[in-house]
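Student: got a structure for you, letters missing:
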């Protein structure tokens, strides 16, 4: 009999793609999701593409212990995706983020710790945000891990990081999984805490676990209405509304943009590896792309005459640059990214063009940050 897999947050962007892939491979799939209006829109229902498949759905909040406990019965593998996401919003909705991400994970683990279940593995969707600014090199001091930029530095529009010891310029390097964790936002703190909770409880109860630190994931089904997360979806919504992408800082800040298909590939490797008892892996492309560069590529795919607008502002909690060292996941799980940014964005834009129009809420979100001195 095929294994039964529970995906928390399963109706979302990553979860829906993963669910379909698992069904195609013969797994039994149960989705657990609260259909958050910020992500799914008001009066949301399970999307039609998930209702067409033989997928079981339970509507419930990750902090609802009674409903979650019932959903876990008979499950062999748990993919824990349920989380509030969005760096900027997390800085002023602290209770919401900690309740969902930390308390929700704690409730999930407490259920497993106090009952008899058939769970053989937990896979946690974590984030590159746990690293903060990540790994750099100083010509004088060697490898360094700079702390988050201070608000005063950002106010002075001094965007680049300096060596924490000699204050000289430093060069960004790919960040590996052994790098120290230095979260710079509430969202990042909650993801680090999720990792620690999973690691501690799973080791204590001898439940195999895999932690996947996703980089900046993009692709079809990414929420186009949520202005707090997904830079490419935010840019796309603005372009579709005839507005230029708003570029923070000087546009040279960079990310590792990883296509949803590569994320599903890595997650499937984590699910199906039978020998790995525990592991933490970066999931990305291993390539950094500046925000200005990706905005220009996106505009080109839309055949738009708009130009990016550099506004020289920064959200408190945002990092300057980070991209993944993929040595461990390639060696251990056999992962190899297949989508470069050009190919991935062509596929993404084709999907965006097929969607109904959404109001651009990005400037409203920025005003929410600004009135709290979190957008400077």
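Tutor: Yes, it's here. Just so we're clear, the structure is a prediction, and the values are computed from it rather than from any experiment.
Student: Residue 320 is in contact with residue 149, correct?
Tutor: Yes - under the criterion of Cβ atoms under 8 Å, residue 149 is in contact with residue 320, at a separation of 7.0 Å. For glycine as for every other residue, the C-beta is placed from the backbone atoms N, C-alpha and C.
Student: hey, what's in contact with both of the two?
Tutor: Common contacts of residue 149 and residue 320, defined by Cβ atoms under 8 Å, 6 or more residues apart in numbering, comprise 133, 159, 161.
Student: Tell me if the first one really is in a strand.
Tutor: Looking back up the chat, that one is residue 133. No - checked against DSSP: H, G, I helix; E, B strand; the rest coil, residue 133 lies outside a strand; its state is coil.
Student: where's it relative to residue 141, distance?
Tutor: Per Cβ to Cβ, to the nearest Å, residue 133 is found 15 Å from residue 141.
Student: who's more crowded, these two?
Tutor: Here residue 133 and residue 141 are compared on neighbour count by other Cβ atoms under 10 Å; more neighbours surround residue 133, at 22 against 14.
Student: From residue 329, how far off is that one?
Tutor: Distance of residue 133 to residue 329, computed by Cβ to Cβ: 21 Å.
Student: The helix-or-strand element of the chain with minimal mean pLDDT: what's the following helix or strand?
Tutor: For the chain, the helix or strand with the lowest mean confidence is helix 48-51, at a mean of 86 (criterion: mean pLDDT, DSSP states H and E). Helices and strands here follow DSSP states H and E; after helix 48-51, the next one along the chain is strand 55-59.
Student: Give the other helices and strands that the helix or strand following that following strand contacts.
Tutor: Once the chain leaves strand 55-59, the next helix or strand it forms, by DSSP H and E, is helix 65-72. Counting contacts by 3 or more Cβ pairs under 8 Å, 6 or more residues apart in numbering; DSSP states H and E, helix 65-72 is packed against strand 28-33, strand 55-59, helix 104-113.
Student: rerun at 6 Å
Tutor: Helix 65-72 is packed against helix 104-113, with contacts defined by 3 or more Cβ pairs under 6 Å, 6 or more residues apart in numbering; DSSP states H and E.
Student: Outside of the helix it packs on itself, list whatever touches it.
Tutor: 62, 63, 65, 69, 72, 119, 194, 197, 201 (Cβ atoms under 6 Å, 6 or more residues apart in numbering).
Student: hmm, try it at 8 Å
Tutor: Against helix 104-113 from outside (Cβ under 8 Å, 6+ apart): 8, 61-63, 65, 68-69, 72, 78, 80, 82-83, 117, 119, 193-194, 197-198, 201-202, 204-205, 207.
Student: to the chain's geometric centre, what's the distance from the longest helix seen in the chain?
Tutor: Looking across the chain with DSSP state H, the single longest helix is helix 186-204. In this view, helix 186-204 has its centroid 15 Å away from the chain centroid, taken as Cα atoms, centre = their mean, to the nearest Å.
Student: and what of stretch 120-135?
Tutor: Distance of stretch 120-135 from its chain centroid, counting by Cα atoms, centre = their mean, is 9 Å.
Student: Stretch 155-162 too?
Tutor: Stretch 155-162 has its C-alpha centroid displaced from the chain centroid by 25 Å (Cα atoms, centre = their mean).
Student: related to what we said a few turns ago, so what secondary structure elements neighbour the following helix or strand past the longest helix of the chain?
Tutor: Heading C-terminal from helix 186-204, the first helix or strand you meet, by DSSP H and E, is strand 209-214. When contacts are defined as 3+ Cβ pairs under 8 Å, 6+ apart, strand 209-214 packs onto strand 121-127, helix 186-204, helix 260-272, strand 278-283.
Student: burial of residue 130, as a residue count?
Tutor: Neighbour number of residue 130 under other Cβ under 10 Å is 26.
Student: If you could redo that for residue 66, that was the one I meant.
Tutor: Residue neighbour count, defined by other Cβ under 10 Å, stands at 9 for residue 66.
Student: what's the spacing between it and residue 107?
Tutor: From residue 66 to residue 107 the distance is 10 Å (Cβ to Cβ).
Student: Residue 85 too?
Tutor: In this structure, residue 85 and residue 107 are 19 Å apart, going by Cβ to Cβ.
Student: Kindly report the same for residue 328.
Tutor: Between residue 328 and residue 107 the distance, using Cβ to Cβ, works out to 30 Å.
Student: Many thanks, I have nothing further to ask.
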